[in-house]
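[1] Whatever this is, show me its structure:
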Amino acid sequence: MNSDEEPEQLALVPSAPPARSRRLKTKPAVIAAPLLPVAQVVVDTGLAHLDRYFDYLVPQELDAMTVPGCRVKVRFAGRLVDGFVVQRGAGSDHGGQLAFLAKVVSAEPVLHPEVLSLARAVADRYAGTLGDVLRLAIPPRHARAESAHGAPAGGTLPVGSVAGWQTYVHGLGFVAALRAGERPRAWLTAVPGPDAAQLVAEAVLATLGSGRGAVVCVPDVRDVARWDAVFTEVLGEAGTCR
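    As a prediction, this is how the structure comes out:
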């Protein structure tokens, strides 16, 4: 091949197309919630010197889901970590720019004020961190259990029966408080006559009537069959022991 043929051979090679200008995709700006845009979060850092609340902005699209006690994901020291929303407010004492919540894991409130107060006291008493105590105090999330919202059970409580709660002082008031969604505390000393399983089943029915659930523990596995029969009679399918 001589030098005279070289330009002709090069001309057979298609020229490279002009480089297309790449458009940079910009993410839309995140807008904070219009009301109470700041969330105080317990961040699971595991570090004692960071055992305090941290403020984050609530994105507008997560406004309805960000409720006190819910689980969230936040950016902390370059990592995505777990946290719980303690409360929401209109402002923050932090002088710098606040980061946004990364994600609401579940809108179900699992950190109640009583649990938070007790966990704080335990952490202070035994030189731990709040995050460490909450990690053990609050069970891991189960999405299937959260999605199965319990419907109020049907039926009428047999409050007029002398064998029921009417036998006990303040018994009817206790059952009425459960049905109203309250959380009364009671210590029951069973008296001869009324069946304890029947009484507990009536209390559970009142609790289910308020849209909540109940967990009943019996002392021995041999009691499960008898209590199951009573619960099934009072509650129907909702009263099956497991």
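[2] now the nearest residue to Ile138 once chain neighbours are set aside: how far from Leu116?
    Once flanking residues are discounted, Ile138 sits nearest to Val110: 5.5 Å by CB to CB, 6 or more residues apart in numbering. Yep, even glycine has a C-beta here, placed from its N, CA and C like the rest. Using CB to CB, to the nearest Å, Val110 is found at 11 Å from Leu116.
[3] which one of those two has more residues nearby?
    The neighbour comparison of Val110 against Leu116 (other CB atoms under 10 Å) goes to Leu116, with 21 against 17.
[4] Okay, buried residues for the helix or strand the more buried one falls within please.
    Using DSSP states H and E, Leu116 maps to helix 113-125. Neighbour-count burial for helix 113-125, counted by 16 or more other CB atoms under 10 Å, picks out Val115, Leu116, Ala119, Val122, Ala123.
[5] Throw the residues you listed into a markdown table and include pLDDT, thanks.
    What follows is those, written out as a markdown table (pLDDT from 0 to 100):
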| residue | pLDDT |
| --- | --- |
| Val115 | 94 |
| Leu116 | 96 |
| Ala119 | 96 |
| Val122 | 96 |
| Ala123 | 94 |
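[6] Which member of the residues you listed is positioned nearest Val74?
    Lowest distance from Val74 to these (CB to CB) belongs to Leu116, with 17.3 Å.
[7] nearest residue to the closest one other than its sequence neighbours?
    Spatial nearest neighbour of Leu116, chain neighbours left out: Val86 (6.7 Å); criterion: CB to CB, 6+ apart.
[8] what are the ranges of the strands in the protein?
    Listed in chain order, the strands of the chain (DSSP state E) span residues 38-43, 53-57, 71-76, 79-89, 103-106.
[9] My guess is Val133 contacts Val122. True?
    Yes - counting by CB atoms under 8 Å, Val122 is a contact partner of Val133 at 5.1 Å.
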